[in-house]
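[1] Need coordinates for the below:
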Amino acid sequence: MKLFKKNLIDKKHKKMIFCTLGAVLLAGLVFFFSYFHVSKVEVMGTARYSDEEVKSMALQGAFTDNSVLAVLLHSRVDVEDVPFVEGFNITRLSHNSICISVREKKAVGCIPYLDSYVYFDRNGIFIESSHTRDELVPFFDGIQVSHVIQGEKLPIKGSSVLTTAVALSTIFQKNDVIPDHIEFDSSYQITLTYGDVQVMLGKDEYLEDKMIRVSAILPKLSGEKGILHMENVTDSSKLITFEREVDEEDTTTSIDTTSAYENAIANWHGGYDEEGDYTGEGEYDANMNYVGPKPTEESIAANGDWLGGYMEDGSYTGYGQLDKDGNYVGPNPNDTSDEEDYTEESNWDDQEEDDYEE
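    Predicted coordinates:
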């Protein structure tokens, strides 16, 4: 009888212990899934897809709403059917937040092939194709291929073309000046198109130096139509000319900026800052008269066929309405700033302007 009662008590104790353990385990699970429930997701590594698109593509497996289990089970997600994406990495930021890092296929350029755009990486490997063009990737025309196989190197004609394309793409990304169109002609001369402005780079020489100057000149050619010649830029020559279309018949005019720049810099008397200290770049002369910024080859080239910028005394300010020979040529038609600012700081009075107009 005593043995029976003892066994009964032991069973009750065991049952209580199991119930207690079950309750503790359940409470732990509730705490675990509530405390580590993901309420914030950060996305990084792509400008191609929105955060919501990335979340829907990366967080598809089980327990992706738990910051601990999502990292344990899905820290690396590989995909095959998402354009330009190799996969995703998931990391935990805090108890309720995770970060999705997008591993993108790095396309450096695209070329036309049949009715599609073929994208390639810096090694010339065909990584993606699309019927629509990605404006963030440089588009190269004139690069010819006989066939394409995804995952394999493009059979590009011309041994140096790929090297040039990769170099240009790197420069474009660095200077944030991706052109609308890049063309290689039959002799591999390079032409860039930015809206209505064509930039003739010439051969694959001094590309970085040329593009630094292009990025400085292009903003000053806004609204213009013509050809910017950079073919003659070398380490010893900085000859830049801009052919502006002046009528509907596409008549153009060409200005040699080299001599124009030499005249301007020789007659610019600035270099002093507002404190009267000489810096070489200041916009005041020794008498603290405002004489405009120091002329550069880029600023002269951006003037096109306007040869003004000179004052009555022959000094160059950039806003004077005379040419170097003292002929009135009017205000700079390429200047988008307020003319009153120039007038106020240049000691020109209304009477003098009226005399020139007469």
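[2] May I ask you to confirm that Trp268 is in contact with Ser315?
    Yes - taking C-beta atoms under 8 Å as the contact criterion, Trp268 and Ser315 are neighbours in contact, 7.1 Å apart. C-betas here are computed from N, CA, C, even on glycine.
[3] who has more neighbours, the two?
    Neighbours were counted for Trp268 and for Ser315 using other C-beta atoms under 10 Å; Trp268 has more, 21 against 17.
[4] Can you tell me how far Arg133 is from Val197?
    Distance, Arg133 to Val197, using C-beta to C-beta, to the nearest Å: 20 Å.
[5] quick revisit: find residues that contact each of Trp268 and Ser315.
    Contact with both Trp268 and Ser315 is made by residues Val291, according to C-beta atoms under 8 Å, 6 or more residues apart in numbering.
[6] Which parts of this structure belong to which domain?
    For the chain, automatic domain parsing gives the domain ranges 1-35, 40-104, 108-188, 211-358.
[7] quick one: the last one to chain centroid distance?
    Taking the mean C-alpha point of domain 211-358 and that of its whole chain, the gap between them comes to 28 Å (C-alpha atoms, centre = their mean, to the nearest Å).
[8] Please list all residues in contact with Ser116.
    Ser129, Ser130, His131.
[9] Show only the entries of these found in strands.
    Cross-referencing the contacts of Ser116 against strands under DSSP state E gives Ser129, Ser130.
[10] What is the nearest of the contacts of Ser116 to Glu53?
    Distances from the contacts of Ser116 to Glu53 were compared by C-beta to C-beta; the smallest belongs to Ser130, at 16.0 Å.
[11] Look up phi and psi at the closest residue to that closest one other than its chain neighbours.
    Distances taken as C-beta to C-beta, 6 or more residues apart in numbering place Tyr117 nearest to Ser130, at 5.4 Å, with adjacent residues excluded. Phi and psi for Tyr117, reported as degrees, to the nearest 10, are phi -110, psi 130.
[12] again with the one 5 residues further on
    Dihedral pair for Arg122: phi -70, psi -10, per degrees, to the nearest 10.
[13] Can you tell me the number of residues neighbouring it?
    Residues contacting Arg122 under the criterion other C-beta under 10 Å number 16.
[14] same check, this time on the one 4 residues further on
    The number of residues packed around Phe126, counting by other C-beta under 10 Å, is 20.
[15] Look up which residues are beta-bridged to it.
    Under the criterion DSSP bridges, Phe126 forms beta bridges with Phe120.
[16] Please report the distance of it from Lys105.
    11 Å.
[17] Need the overlap of contacts for these two.
    Counting by C-beta under 8 Å, 6+ apart, the shared contacts of Phe126 and Lys105 are Tyr119.
[18] Buried residues in stretch 271-285, which are they?
    Along stretch 271-285, these residues count as buried under the neighbour rule (16 or more other C-beta atoms under 10 Å): Gly271, Tyr272, Gly282, Glu283, Tyr284, Asp285.
[19] got it, and stretch 84-104?
    Buried residues in stretch 84-104, counting neighbours by 16+ other C-beta under 10 Å, are found at 84-85, 87-90, 92, 98-104.
[20] Could you do stretch 149-165 as well?
    Leu154, Ile156, Val161, Leu162, Thr164, Ala165.
[21] Wait, the first one touches Gln144, no?
    If I follow you right, that is Leu154. No - with the criterion set as C-beta under 8 Å, Leu154 and Gln144 do not qualify as a contacting pair; they are 9.9 Å apart.
[22] and His229, what does it touch?
    With contacts taken as C-beta under 8 Å, 6+ apart, His229 has the following neighbours: Met200, Ile240, Thr241, Phe242, Glu243, Ser254.
[23] For it, which residues count as its bridge partners?
    Judged by DSSP bridges, the bridge partners of His229 are Met200, Thr241.
[24] any idea how far Leu168 is from it?
    His229 is 18 Å from Leu168, where distance means C-beta to C-beta.
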